[in-house]
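>>> I would like to see how this sequence folds:
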Amino acid sequence: MFSIPGKQAVTLTPRAAAHIVKLMERDGKSGLRLGVKKGGCAGMEYTMEFADTVDPLDEVVEQDGARVMIAPMAQMFLFGTEIDYEISLLEAGFKFRNPNVTESCGCGESIKFDESLTDQTSG
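Got it, this is the predicted structure:
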């Protein structure tokens with residue numbers, strides 16, 4: 001597991017936490033599982049899905065009643081990320097402020113990480 005003692009892997013803004021709690025209650029889920037996968041125009045993209053259970057290898061972040069589980073392969077990519085929930089005239093959704101991203105596409109959903117991180121996973 002990729003973590004620093006006493007520091008959460010990700011942080012949630014109050015808006016993100018409130019929205020996650022609302023979705024957890026509406027759908028009766030245990031939390032939101034975050035991951036990354038290959039794809040998109042920049043090479044990688046975030047994944048989000050609601051989960052009924054916590055995997056023993058997940059990094060679990062609990063904040064203001066919200067629970068976020070980070071899949072094992074995503075932990076090093078998401079460490080230090082702030083997750084917000086933004087609403088604009090045209091869209092609403094989660095926004096990731098990730099210090100590990102070196103490049104992203106115009107849609108903001110496809111990202112590229114520092115090659116030193118991606119080299120560690122291609123082992």
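
>>> which residues in this structure form helices?
Using DSSP state H, the helices of the chain run over 14-27, 75-78, 115-121.

>>> among these, which is nearest residue 51?
Set against residue 51 and scored by C-beta to C-beta, the helices of the chain come closest in helix 14-27, at 9.9 Å. C-beta: built from backbone N, CA, C; applies to glycine.

>>> circling back: hey, which of the helices of the chain is tucked in deepest?
For the helices of the chain, the largest average neighbour count (mean count of other C-beta atoms under 10 Å) is found in helix 75-78, namely a mean of 22.

>>> packing partners of it?
Where contact means 3 or more C-beta pairs under 8 Å, 6 or more residues apart in numbering; DSSP states H and E, helix 75-78 is packed against strand 31-38, helix 115-121.

>>> follow-up on the earlier one: with mean pLDDT added, can I get the helices of the chain in a markdown table?
Formatted as a markdown table, the helices of the chain follow (pLDDT from 0 to 100):
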| stretch | mean pLDDT |
| --- | --- |
| helix 14-27 | 94 |
| helix 75-78 | 89 |
| helix 115-121 | 55 |
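
>>> wait, which of these is closest to residue 47?
With C-beta to C-beta as the measure, helix 75-78 is the member of the helices of the chain nearest residue 47 (10.9 Å).

>>> show the pLDDT at the spatially most central residue of the chain.
Ranked by distance to the mean C-alpha position of the chain (C-alpha atoms, centre = their mean), the top residue is residue 34 at 4.4 Å. According to the model's per-residue confidence, residue 34 sits at a pLDDT of 93.
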